[in-house]
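Colleague: need a 3D model of the sequence below.
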Amino acid sequence: MTLEAEKAAARKAAFARRKAAHARATAAQAAQLSAVLAGYRGVPLAGYMPIRTEIDPLPAMAEAAAHGPVAVPVILGAGLPLQFSRWQPGCALREGPFGAQVPAVDLWVQPEIVIVPLVAFSAAGGRLGYGGGFYDRTLEQLRAQRGTLAIGFAFADQEAPSLPLEPTDQPLDMIVTELGVITCRP
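Modeller: All right, here's what the predicted structure looks like:
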C-alpha cells in the first residue's frame, strides 16, 4: 500500500471517529483549551473557524481575545503557507476557501501559538490533516523565524496509535482534547 493510500485509509477511519465524537459534544468541549491558553495571556495566537465536525475552539479563542491578539487562518493559494488575520468575537466575516469564515478585513498577525485543527493525532505529536499541507508549510515557516507552539485541538476519539507520516509533516508540541492535555515535545 502506498503512503497516500495509507493516509486515505487513516483519514476515512478518523473522520468516522470524529463525526461520532462531534455528535456527543457538549458546550464544555473547549474548557481544557481555555485552561491551557490562560497560561499564555497576551501572546499572539492563531485559532481556527471550525468546519464540518471539527471541535470548536471559539469559546477559548474569545477568552484569549480579551488579553491579546487572536487570528484565524486565511488560505491565499494552493501550495502557499497560511496567513493569519485578526479575529475578535462578533467581527464581520466573509466566506473563505473550503467554507471556513475569515475576517472581512484582513489585519495580519504573526502568531507565536497556533491551534491546529486535525483529522487524527498520535500521542507522540503526529498529525494527520486534510492533505493540503497548509499547516505543515506554515509551521515550518513560523518555526524558522521563532519558537512557535503548535497545539493540536481535537476530540480524544481522534487519537490513533500511529499515523502514516512524511518527513515534511510538522509535529505538534501539545494536543488538547475535551478530556485533557498531552505534552508531546518538551
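
Colleague: what sits against the most far-flung residue of the chain relative to its centre?
Modeller: Distance to the chain centre peaks in the chain at Met1, reaching 28.2 Å (criterion: C-alpha atoms, centre = their mean). Residues near Met1 by C-beta atoms under 8 Å, 6 or more residues apart in numbering: Ala9. Quick note: C-beta positions are derived from backbone N, CA and C, even for glycine.

Colleague: can you map out the helices along the chain?
Modeller: Ranges of helices in the chain, per DSSP state H, are 3-23, 31-38, 58-65, 134-145.

Colleague: which one of the ones you listed lies nearest to Leu163?
Modeller: Closest to Leu163 of those, according to C-beta to C-beta: helix 3-23, at 6.1 Å.

Colleague: pLDDT wise, what is Gly99 at?
Modeller: Gly99 is assigned 80 on the pLDDT scale.

Colleague: Gly36 reaches Gly152, doesn't it?
Modeller: In this structure residue 36 is Val, not Gly. No. The criterion here is C-beta atoms under 8 Å, and Val36 misses it with Gly152 at 11.4 Å.

Colleague: now the common contact residues for these two.
Modeller: Met174, Val176.

Colleague: which one's more surrounded, the two?
Modeller: Between Val36 and Gly152, counted using other C-beta atoms under 10 Å, the more crowded position is Gly152 (27 against 17).

Colleague: re earlier: put together CSV for the helices of the chain, with mean pLDDT and distance to Cys184 on each row.
Modeller: As requested, the helices of the chain are arranged in CSV below (pLDDT from 0 to 100; distance: least, C-beta to C-beta, whole Å):
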stretch, mean pLDDT, distance to Cys184
helix 3-23, 92, 18
helix 31-38, 96, 13
helix 58-65, 96, 19
helix 134-145, 96, 13
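
Colleague: how about Pro69, what does it touch?
Modeller: Pro44, Leu45, Arg86, Val109.
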